[in-house]
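Participant: The sequence and its predicted three-dimensional model are supplied below.
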Amino acid sequence: MKHAAELAASSATGCSFKKRRLVHAGMPPWMTSLGQIDPYYVYQPGQGAILVKSRTGFGTTASGIRAAVRALDPRLPVQVLPLEANLAWWRAMSGTVSALGAGLGALALVLATVGVYGVVSYAVSRRYREIGIRMALGAGARTVLGLILRQTMRPVIIGAVIGIAAGAAMSRILSIVLFGVSPADLIGFGGSALLVVLVALAAGALAVRPAIRTDPTVVLRHE
């Protein structure tokens, strides 16, 4: 590609500098011109959006934007929407994700309570012979009930504390990427842990109740 260079020197300030201007002189045969683009326009593939902040109302601002666009190019399509309309889709998506997460969390809590109830009931039923022996040796029903519940609730409480700690750590991570998520949700953490503890307590009491109300000799023959 050939170019012509024009050199100018100036010493107005006591120093010399060079000014060069390159002028295109020819085009190789392997290059093809696709047309001429007005230098005041920039072609951007895809859809673009411009955020405009105005002190006037939406109608006045929209009319001014459309008039400015028509002054540049009457054939250029333009759509003016308020910020709420542009954010409606993102809000709908976040609402759907939040509802899905809440539903999955509720399902997980139900499955956890059912599992805790079943495990505690099975663990207490496996100790019917021990309950019969203690009552045959003179232990009272309240004493046996308190002993069984204390030993049964110990792992449940430990698991609830671990679950609260893990939930707090996870909520801190989610609070970084999600808006409005508090890392210290006392109602959610405390409510779910209290529900699991109450379910385990009810399961243990209901499971041990038949054994302490039955004759110890019958309980000792329980398989």
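Facilitator: Yep, that arrived.
Participant: pretty sure residue 69 is touching residue 75, no?
Facilitator: No: Residue 69 is not in contact with residue 75 according to Cβ atoms under 8 Å; the separation is 10.1 Å. C-betas here are computed from N, CA, C, even on glycine.
Participant: my read is residue 113 is in a helix, agree?
Facilitator: Yes: when DSSP: H, G, I helix; E, B strand; the rest coil is applied, residue 113 is found to be in a helix.
Participant: per-domain residue ranges of this structure.
Facilitator: Each structural domain of the chain that the record assigns through automatic domain parsing is listed here as a residue range: 52-81, 88-220.
Participant: starting at the chain centroid, how far to the longest one?
Facilitator: In terms of Cα atoms, centre = their mean, to the nearest Å, the centre of domain 88-220 is found 25 Å from the chain centre.
Participant: That one spans what distance, first to last residue?
Facilitator: For domain 88-220, the first and last residues are 67 Å from each other (Cα to Cα, to the nearest Å).
Participant: More neighbours: which of residue 69 and residue 75?
Facilitator: residue 69 (14 against 5; other Cβ atoms under 10 Å).
Participant: The more buried one: what's it in contact with?
Facilitator: Remark: with contacts taken as Cβ atoms under 8 Å, 6 or more residues apart in numbering, residue 69 is in contact with 76, 78.
Participant: What are the buried residues along the helix or strand hosting it?
Facilitator: In this structure, residue 69 is located in helix 58-72 according to DSSP states H and E. Buried residues in helix 58-72, counting neighbours by 16 or more other Cβ atoms under 10 Å, are found at 61, 62, 65.
Participant: again, but for stretch 138-153
Facilitator: Within stretch 138-153, the residues that qualify as buried by neighbour count (16+ other Cβ under 10 Å) are 144, 145, 147, 148, 149, 152, 153.
Participant: how many neighbours does residue 93 have?
Facilitator: By the criterion of other Cβ under 10 Å, residue 93 has 10 neighbours.
Participant: packing partners for the helix or strand hosting it?
Facilitator: Using DSSP H and E, the element containing residue 93 is helix 83-125. With contacts defined as 3 or more Cβ pairs under 8 Å, 6 or more residues apart in numbering; DSSP states H and E, the packing partners of helix 83-125 are helix 141-177, helix 186-213.
Participant: winner for burial among those helices?
Facilitator: helix 186-213 (a mean of 16; mean count of other Cβ atoms under 10 Å).
Participant: Just the angle for that one relative to helix 141-177, thanks.
Facilitator: Taking axes from the mean of the first three to the mean of the last three Cα atoms, to 10 degrees, helix 186-213 and helix 141-177 form an angle of 160 degrees between their directions.
Participant: Show the secondary-structure elements that helix 186-213 is packed against.
Facilitator: Contacts defined by 3+ Cβ pairs under 8 Å, 6+ apart place helix 186-213 against helix 83-125, helix 128-136, helix 141-177.
Participant: Just after it, pick out the following helix or strand.
Facilitator: Next in sequence after helix 186-213, counting helices and strands by DSSP H and E, comes helix 216-220.
Participant: How much space separates the closest residue to residue 86 other than its chain neighbours from residue 91?
Facilitator: For residue 86, ignoring the flanking residues on the chain, the nearest one in space by Cβ to Cβ, 6 or more residues apart in numbering is residue 49 at 7.2 Å. Residue 49 sits 17 Å away from residue 91 when distances are taken as Cβ to Cβ, to the nearest Å.
Participant: Residue 138 now?
Facilitator: Following Cβ to Cβ, the distance that separates residue 138 from residue 91 is 68 Å.
Participant: Kind regards, and thank you for your time.
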